[in-house]
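the sequence and its predicted three-dimensional model are supplied below.
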Amino acid sequence: MDWTSAQNLLALGANVITLPERTRYSERVVEPEASPNTHDLGLRSEPNLELLDSLAPDLIVLHPELGMLLPELNAIAPAILFDPDANDDLQPVDRLANARVKLERLAGEIARPSAFSSYINAYEAAISEAAARLRGYDGRAVYIVTLLDTRRALVFGKNSLFQNLFDQFSIENAWDGPTSFYGHATVTIDALARQSHARLLSVGRESRLLLQPALQSPVIASLPYVREERAVAIDDVLFYGGLPSAQRFARLASFALTDTTAP
Amino acid sequence: MRPGDVLHHPAAVLGMMAITAAVVCLQNIHGVLPPGAGMSTILFPNPSSTAELLLHYTVLPRIVMALMAGGALGLSGALLQRILRNPLAEPATLGVSAGAYLTLAIAGVFAPFTLLVAQTWIAIAGAALALLAVLGLSWRSGLSPETVTLSGLIVSLYCGAASAVLTLFNHELLLGLFIWGAGYLDQQDWTGVLFLAPRLTCLAIAVALILRPLTILSLDDRSARSLGLSTTIFRIIALVLATALTGLVTAQVGIISFIGLAAPAIAGGLGMRRIGGAIVWSSLIGALLLLLTDQIVLSFPVTYRLFPVGTITGLLAAPLLIVMIRRLRPTNVPEQRARQGVAQEWRPILLMAALILVSLPLFWFVVAFGRGLGGWELSSGDTLLNLSIWRLPRAVCAFAGGAMLALAGAILQRMTSNPLASPEIMGVSSGALVGTILFIMTDALPTRWGQIGAGAAGAFIVLVVMLILSRRPAYGGNRLLLLGVSLSSISSFIIALLMTSQDPRLGQVLSWLSGSTYAVTPSDAISSAAVLFFGFLTIPLIARWLELLSLGESAASSLGIPLIGSRSILFSIAAVMTAVATTLVGPLSFSGLMGPHLARLAGFRRAASHLFSSALMGGLILLTADWVGRNLIFPYQIPAGLLATLIGGPFLLFLIGKKT
């Protein structure tokens, strides 16, 4: 019913027959790839229930934000909630540990416990690969941002999936300001001037397009990290998608930060 | 002059605003200034010191920008209110901001790279196109104030709906647009200021040149014409100037609501009635109001950047405006007389019968016919039964929601004699909206009934406020509408805030906002049908009041109508209808505006038949819209409210153009 569920189910090798905004999923979430005969279920905010009913699924997995549909969905097929970010009183939030627990539970619910262990092996391998790549990293703090236009950006900090990964790689996040529930804040780009010796990592396609014009504003252009060209860009990563998102981010970021390209 | 009057003199008020603004500005500058650096660094920053650059390139241009933008908006608002002779007129009334927003949204989705090169010009083009559309539509009526305002509002709604469809399907692509739309004044260098300054100066000079003809125009058309002035030409010049002012500012800093409405109202409230004085003072007030608001926002600790100044102006200015409305002189909006069409009363009866006859088969059709896995299908038997679980509640709710809003709209339009009155303008939809949004955002597992409850609570609070205020003679007629608009600005503030936060729950709220019947259940359908039925029952009871009230207040009270009592009851009915419709199917305000107008154009003039046919029209519009929305780009669904606006808008404009 939603991208996060679809992404995690696909990671477990489940047969996902339908997901919403199918085309955009391939552009924004990218991996794990959905099979070409997956049906498009319509908008993420309003998955088409009539169509879902006629597809006769065995199980429906949905994010709690669609929770109010539960009664209707249960009439179609057994429906379960999945949210890798729901934390059971863990403080501070460790999204990776959480996502892992939730994924294991999901694997149990679709009766594929072995799929979980094989996915975790692949995940661990990918993470240590990224860690190995980052071993030569110069240790500079990094701003993780998605530029919204040429003057403003979303910046990721405490609470975010990306922060948890950076902690694992012992890379300092240059943004230590306040963040929302999902670990990001909207700021004007002059706020990125505080740690002038940092690096800048831009996430997302539009953001990549906006990066150069944004860096030309006088305040930002004066910063060492711009003058010394330490700003890099990667493609979209779903920032609330659990382990598969983390895996993708680790790989893309490790290549970008070490100035290597994916084979 | 009594001593107390000194405090009310415009100069005194303005002086106090200026001093407060200056204090807050200095405090903010001091906060950024590196220790030991003198004030000279503000003008000549050391290119290697980031802190000094920050001050020179972000703090200062922001102050200048606030003054310029506020002044231009105040000026433009004052001009518009004079030309349109409507105290509710503001830059947004002409569709200027909505037009700019739509063109930016189109560019953002289909050609994002153009935004980098020419964002300002794309926005200005949108503003100009919107103005052209408004002028074109009201040309035949000789640009009469009412037609211009009405066309402006409809163009605005129309652009809003079109952008909403784009947003619904592309909200990742349009994040920058949300932020622009919310109105932030922050600057990263001086280019924005340097771009606006010469252009705004030219426009201000042009306004000064047409001041004298405008003074004469503000009398009325006939006396202006007898003095040998072409009313149309001057009206167009003034409209173009006002639009250019707003368009330029909007393109640079985004949609900053309310300054254009509040500044002239405050100037009027302070006693500035001659046009020259009103225009000068409202631009000064606008400039200071925006600067003050922005600097106060800026001095909030850390989280300040979350609050877009464009929407916070609305929040801060609303209470100020509510106080000022009381001191406003009665405006010269000509009261519309209800024309009595006694001779033709049999024709509407036939029409009504036809409307009812059409409704029933239409219900069957929208449920039975539609697209599924295998393409278009006309289903029957078991499949029909299966599908009706999904389709029937939506059809019923769409019909009931549209009908309730149209009924509320018809009551409000007849009561206030204002063709622009609709549930949304009364602020009740906004109340329901805010209640529901707060509930969705705070509750981890939002339930349907919780949403309805929260929405109804919000609507009810607004309703009580409006009822209390409507009892006071100072808030009659148009002023009550002005109050409603003030309250709506609070809800637009919350929505804009939400849009910039990029919360993943945004999509759900967005689709609900756009009037989707997606989430309704069979029990919703039953309760909404019941409320609609109750609404129909009240029609015969309130029809007489409405007939007599539309003759004017004095005439009505001399005929023995209890003014306060009848008004309270009429408002309650309209508010209940709006609240239920809004919580079930979103704020579909367009059917509240469209239903009553269509009914009137079809020839229903007497209150009872007009109310009933308005409701039927509103219901049928949404029923059709819901069906089209579900099938047009299956499996994607376009919300009924949006579609009704997209399809019905041009139709309504055509009818208005023909009639006038």
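Cool, the structure landed. Residues are numbered from 1 along each chain as shown, chains lettered A, B, ... in the order given.

where are the low-confidence patches of the stretch 51-200 of chain B?
B:51, B:86-89, B:92-93, B:112, B:115-117, B:141-147, B:149-150, B:171-176, B:178-179, B:181-183 (pLDDT under 70).

can you do 50?
Low-confidence segments of the stretch 51-200 of chain B, defined by pLDDT under 50, are absent.

what ranges does it have for its helices?
Using DSSP state H, counting those that start in this stretch, the helices of the stretch 51-200 of chain B run over residues B:60-84, B:96-110, B:112-138, B:145-169, B:175-182, B:191-209.

is the first one positioned near chain A?
This points to helix B:60-84. No. Against chain A, helix B:60-84 shows no contacts by CB under 8 Å from any CB of the partner chain, the least distance being 9.8 Å. (C-beta placed from N, C-alpha, C; glycine too.)

in terms of pLDDT, where does residue 30 sit?
As the question left the chain open, I've gone with chain A. Per-residue pLDDT puts A:Val30 at 79.

ah, I was thinking of chain B
Reported pLDDT for B:His30: 71.

return the helix or strand harbouring it as CSV; C-alpha atoms alone will do.
If you go by DSSP states H and E, B:His30 is part of helix B:10-32. C-alpha atoms of helix B:10-32 as CSV (Å, rounded to 0.1, in the frame of the first residue of the first chain):
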residue,chain,number,x,y,z
PRO,B,10,-2.3,57.9,11.9
ALA,B,11,1.1,59.5,12.4
ALA,B,12,1.1,58.5,16.1
VAL,B,13,0.2,54.9,15.2
LEU,B,14,2.7,54.8,12.4
GLY,B,15,5.4,56.3,14.7
MET,B,16,4.9,53.7,17.3
MET,B,17,5.1,50.9,14.7
ALA,B,18,8.3,52.4,13.3
ILE,B,19,10.0,52.7,16.7
THR,B,20,9.1,49.1,17.6
ALA,B,21,10.3,47.8,14.2
ALA,B,22,13.6,49.7,14.6
VAL,B,23,14.2,48.3,18.0
VAL,B,24,13.6,44.7,16.9
CYS,B,25,15.8,45.3,13.8
LEU,B,26,18.7,46.6,15.8
GLN,B,27,18.4,43.7,18.2
ASN,B,28,18.5,41.2,15.4
ILE,B,29,21.5,42.9,13.8
HIS,B,30,23.3,43.0,17.1
GLY,B,31,22.7,39.2,17.4
VAL,B,32,24.5,38.5,14.2
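
what angle separates it from helix B:60-84?
150 degrees (axes from the mean of the first three to the mean of the last three CA atoms, to 10 degrees).

residue 137: how many residues sit nearby?
In the absence of a named chain, this looks at chain A. 16 (other CB atoms under 10 Å in any protein chain shown).

actually, chain B is the one I wanted.
22.

my read: it touches B:Tyr158, true?
No. With contacts counted by CB atoms under 8 Å, B:Leu137 stays clear of B:Tyr158, the gap being 10.9 Å.

surely B:Trp376 is in a strand?
Yes. Secondary structure assignment places B:Trp376 in a strand (DSSP: H, G, I helix; E, B strand; the rest coil).

show the contacting residues for it.
Neighbouring residues of B:Trp376 by CB atoms under 8 Å, 6 or more residues apart in numbering or on different chains: B:369-370.

what pairs with it across the strands?
Beta-bridge partners of B:Trp376, counted by DSSP bridges, are B:Arg371.
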